[in-house]
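# could you look at this predicted model? Sequence included:
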Amino acid sequence: KQEVTQIPAALSVPEGENLVLNCSFTDSAIYNLQWFRQDPGKGLTSLLLIQSSQREQTSGRLNASLDKSSGRSTLYIAASQPGDSATYLCAGRYWNAGNMLTFGGGTRLMVKP
Amino acid sequence: SQTIHQWPATLVQPVGSPLSLECTVEGTSNPNLYWYRQAAGRGLQLLFYSVGIGQISSEVPQNLSASRPQDRQFILSSKKLLLSDSGFYLCAWSGAGRYGYTFGSGTRLTVV
């Protein structure tokens, strides 16, 4: 059974700091890995999608990496802002699990002004 | 471009009442469709998924059912709601394989 783990569960940083959110997965037979953002009471917004053949994807201040051999993905947020405060979820889509996503538990990020 | 619509945004229903939540997708054909539930302070739980009209798979036994009467329409239903059905319900769609998922804005259901 595939498992996706996110550590830490919560993180608080001062504004302007660069930060890294971690995601680990147990099965290397991964189609792709997707990072989402969820604001309180809202749906999930897709941030970045990394295919298994890719090493990283970038969008603005966000950079996501994927290392299949170590079973790890990281989401790097540069120059954090209070508006980045949200829960960040990673999810893996696997070759041997149909079309289903396996979600991590999320990291709740607070960026203090 | 593809869009996903989910309604209503908020719903308060008494115990024992029926439920119908609707999700529609625009701008694509033959999408894979999903219903997730997120209980307060907990992770996302996959409830149902569908790869085509009339094809529904259930991930967990429960008081809910799903239907896909049209290619881009996915409905979550219950005949009699329980208190434990309260939660945040999210609809999503994806293409097969290497495509990412796109989620709707969610429905906050409170059963009282």
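Right, received. Where do you want to start? Residues are numbered from 1 along each chain as shown, chains lettered A, B, ... in the order given.
# spatially speaking, which residue is in the middle of chain B?
When CA atoms, centre = their mean is applied to chain B, the residue found nearest the centroid is B:Trp35 (3.1 Å).
# so what does B:Leu83 look like in phi/psi?
Here is the backbone geometry of B:Leu83 (degrees, to the nearest 10): phi -60, psi -40.
# check the one 3 residues further on too.
Per-residue torsions, B:Ser86: phi -60, psi 140 (degrees, to the nearest 10).
# how far away is it from B:Gly16?
Distance of B:Ser86 to B:Gly16, given as CB to CB, to the nearest Å: 14 Å. From N, CA and C alone the C-beta is placed, and that goes for glycine too.
# these two: who's more crowded?
Counted by other CB atoms under 10 Å in any protein chain shown, B:Ser86 and B:Gly16 do not tie: B:Ser86 has more neighbours, with 19 against 11.
# that one against B:Thr110, yeah?
Yes - using CB atoms under 8 Å, B:Ser86 makes contact with B:Thr110 at a distance of 5.3 Å.
# does the helix or strand of chain A with the lowest mean pLDDT reach chain B?
In chain A, no helix or strand scores lower on mean pLDDT, DSSP states H and E than strand A:101-103, which sits at a mean of 90. Yes - using CB under 8 Å from any CB of the partner chain, strand A:101-103 reaches chain B at A:101, A:103.
# hmm, who's touching that strand?
Applying CB atoms under 8 Å, 6 or more residues apart in numbering or on different chains, the contact partners of strand A:101-103 are A:2-4, A:25, A:34, A:89-94, B:43-44, B:46, B:101.
# for chain A, what are the low-confidence residue spans?
Within chain A, the ranges that satisfy pLDDT under 70 run A:96-99.
# residue numbers of it in contact with chain B?
Going by CB under 8 Å from any CB, the residues of chain A near chain B are A:31-32, A:34, A:36, A:41-46, A:49, A:51, A:89, A:91, A:93, A:99-101, A:103-106.
# now the buried members of those residues.
A:31-32, A:34, A:36, A:42-44, A:46, A:49, A:51, A:89, A:91, A:93, A:99-101, A:103-106 (16 or more other CB atoms under 10 Å in any protein chain shown).
# which residues does the residue nearest to the centre of chain B contact?
B:23, B:46-49, B:66, B:74, B:76, B:89-91.
# sheet partners, orientation included, of the helix or strand hosting it?
Using DSSP states H and E, B:Trp35 falls within strand B:32-38. Its sheet considered, strand B:32-38 pairs with strand B:44-52 (antiparallel), strand B:87-94 (antiparallel) by DSSP bridges.
# dump the C-alpha coordinates for the first one into PDB.
What follows is strand B:44-52 as a C-alpha-only set of coordinates in PDB (Å, rounded to 0.1, in the frame of the first residue of the first chain):
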ATOM      1  CA  LEU B  44      -8.800  13.700   2.500                       C
ATOM      2  CA  GLN B  45     -10.800  10.400   2.200                       C
ATOM      3  CA  LEU B  46     -11.700   9.200  -1.300                       C
ATOM      4  CA  LEU B  47     -15.400   8.200  -1.300                       C
ATOM      5  CA  PHE B  48     -16.200   7.400  -4.900                       C
ATOM      6  CA  TYR B  49     -14.700   7.600  -8.300                       C
ATOM      7  CA  SER B  50     -16.000   7.100 -11.800                       C
ATOM      8  CA  VAL B  51     -14.200   6.500 -15.100                       C
ATOM      9  CA  GLY B  52     -17.300   6.700 -17.300                       C
END
